[in-house]
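S.K.: Here is a sequence together with a model predicted from it:
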Amino acid sequence: MKTIENISRMTTFVKMMKKEGRSIGLVPTMGCLHEGHMSLVRAAKKHTDVVVMSIFVNPIQFGPKEDFEKYPRDLKRDEELARDAGVDVIFYPSLKDMYPEGYATYVTIEALTKNLCGGSRPGHFSGVATVVTKLFNIVKPNIAYFGQKDMQQALMIKKMAADLNMDLEVKIMPTVRGKGGLAMSSRNMYLSETESKDAVILHQSLKQAESLIKGQERDAKKIIKTIEDMIKSKPTAKIDYVAIVDTKELRDVKTISGEIMIALAVFFGNTRLIDNITIAVK
Ligand code: AMP
């Protein structure tokens, strides 16, 4: 496994791979790797010849009061995990290389980004779209892999790739969960023992919502209320949002029909966690 720390060297490597006719799979991450990231690597290994994992904590997707400075960084540990998972190249660009002085170009997607996390994190999705566009242009992947855990992000990137005629496929892989069904996240390491125990309620409340829908409940308000009541029963939880949206436009729905997503964001202490499930109803 190689670690490439600068853009021009990455470009040279990509040219070489393309010349040899090898397909490239890209797994963009912010590091602090866990099983969720590894599941994307495994998928990439199945479908493409060379797996590139980018590790870059992208400042422009963090709000001024968010955790950019304290976001966990441990390249040595990440390198070991990536090597074990069969990553071929870690792309680890510097901040200066990605955003040199005078940097002035941002990508904004008008659809899909206003609701859910777009409401609570202004500028976040434009920051994500910008860095992902840069990574796509540098690494030129045939397929790029994203997790359903961040479904709004993944759908936005699919839309961006289609709208801007980007010559690649965007694949969305299922959420990997840990103990008690808690969705794996680099931010889980911020949680205290009590917060970790409480956070399991996110998955439990989504499962409860799913069983209500299976039992023919179709009123989104009622389902949201059930989820909120369950979450509020945990002393360390503070709800940012709980929403039920259609999976095409990510707009709130009143009545459950077609394919919907139940999405939520909840603070446990200072740590904001997100989760979602999608359900198709006839
Ligand atoms: P991050 O490093 O948190 O920016 O995540 C990098 C990629 O891994 C994104 O596409 C995430 O959606 C994906 N990812 C993060 N956590 C999980 C998880 N628990 N299951 C599946 N994919 C995940």
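M.R.: Sure thing, it's come through.

S.K.: which residues sit against the longest helix along the chain?
M.R.: Taking DSSP state H as the assignment, the helix of the chain that covers the most residues is helix 124-139. The contact list for helix 124-139 (CB atoms under 8 Å, 6 or more residues apart in numbering) reads 7, 10-11, 14, 24, 26, 28, 52, 54, 56, 58-63, 91, 93, 98, 105-109, 113, 117-118, 144, 152-153, 156-157, 160-161, 164, 166, 168. Any C-beta I mention is one placed from the backbone N, CA and C, and that applies to glycine too.

S.K.: do that helix and the ligand meet at all?
M.R.: No - residues of helix 124-139 are not located near the ligand by CB under 6 Å from any ligand atom, the shortest gap being 8.6 Å.

S.K.: Go ahead and measure how far that helix is from the middle of the chain.
M.R.: 13 Å (CA atoms, centre = their mean, to the nearest Å).

S.K.: Report the buried residues of it.
M.R.: Residues of helix 124-139 classed as buried by neighbour count (16 or more other CB atoms under 10 Å): 124-136, 138-139.

S.K.: In helices, which of the contacts of helix 124-139 fall?
M.R.: 7, 10-11, 14, 98, 117-118, 152-153, 156-157, 160-161.

S.K.: Highest neighbour count among those?
M.R.: For those, neighbours were counted using other CB atoms under 10 Å, and Ile157 has the most, 25 neighbours in all.

S.K.: distance of that residue from Met189?
M.R.: 25 Å (CB to CB, to the nearest Å).

S.K.: Tell me how far Val27 lies from Ile244.
M.R.: 30 Å.

S.K.: Ala162 now?
M.R.: 25 Å.

S.K.: More neighbours: which of these two?
M.R.: Counted by other CB under 10 Å, Ala162 and Ile244 do not tie: Ile244 has more neighbours, with 23 against 10.

S.K.: Give me the neighbour count for the closest residue in space to Met156 that isn't next to it in sequence.
M.R.: Counting by CB to CB, 6 or more residues apart in numbering, Leu112 is the residue found nearest to Met156 once chain neighbours are left out, at 4.8 Å. For Leu112, the neighbour count with other CB under 10 Å is 22.

S.K.: Return the residues in contact with Leu112.
M.R.: The contact partners of Leu112, by CB under 8 Å, 6+ apart, come to 118, 152, 155-156, 159, 249-250.

S.K.: One more pass at 10 Å, please.
M.R.: 118, 125, 152-153, 155-160, 245, 248-251 (CB atoms under 10 Å, 6 or more residues apart in numbering).

S.K.: swap in Ser257?
M.R.: 218, 246, 280-282.

S.K.: what residues does the stretch 101-250 of the chain put near the ligand?
M.R.: 146-147, 149-150, 173, 175-176, 183-186.

S.K.: phi, psi of the residue nearest the centre of the chain?
M.R.: The centroid of the chain falls nearest to Asp150 when counting by CA atoms, centre = their mean (3.5 Å). The phi/psi pair for Asp150 (degrees, to the nearest 10) reads phi -110, psi 60.

S.K.: Quick check: nearest residue in space to it, chain neighbours excluded?
M.R.: With CB to CB, 6+ apart, the residue lying closest to Asp150 is Ile274, at 7.1 Å.

S.K.: Which other helices and strands does the helix or strand in which the one you found is found contact?
M.R.: Per DSSP states H and E, Ile274 falls inside strand 271-281. Packing partners of strand 271-281 (3 or more CB pairs under 10 Å, 6 or more residues apart in numbering; DSSP states H and E): helix 117-120, helix 151-163, helix 193-199, helix 201-214, strand 237-246, strand 258-268.

S.K.: what do you get if the cut-off is 8 Å, keeping everything else the same?
M.R.: Secondary-structure packing of strand 271-281 (3 or more CB pairs under 8 Å, 6 or more residues apart in numbering; DSSP states H and E): helix 201-214, strand 258-268.

S.K.: so Lys18 sits right up against Lys140, yeah?
M.R.: Yes - counting by CB atoms under 8 Å, Lys140 is a contact partner of Lys18 at 7.0 Å.

S.K.: Between these two, which is the more surrounded one?
M.R.: More neighbours surround Lys140 than the other of Lys18 and Lys140, with 19 against 14 (other CB under 10 Å).

S.K.: Not counting its neighbours along the chain, what's nearest that one?
M.R.: Using CB to CB, 6+ apart, the closest residue to Lys140 is Val14 (5.3 Å).

S.K.: quick one: the nearest residue to Ser186 once chain neighbours are set aside and Met98, what's the gap?
M.R.: Once flanking residues are discounted, Ser186 sits nearest to Cys32: 3.7 Å by CB to CB, 6+ apart. Cys32 sits 18 Å away from Met98, going by CB to CB.
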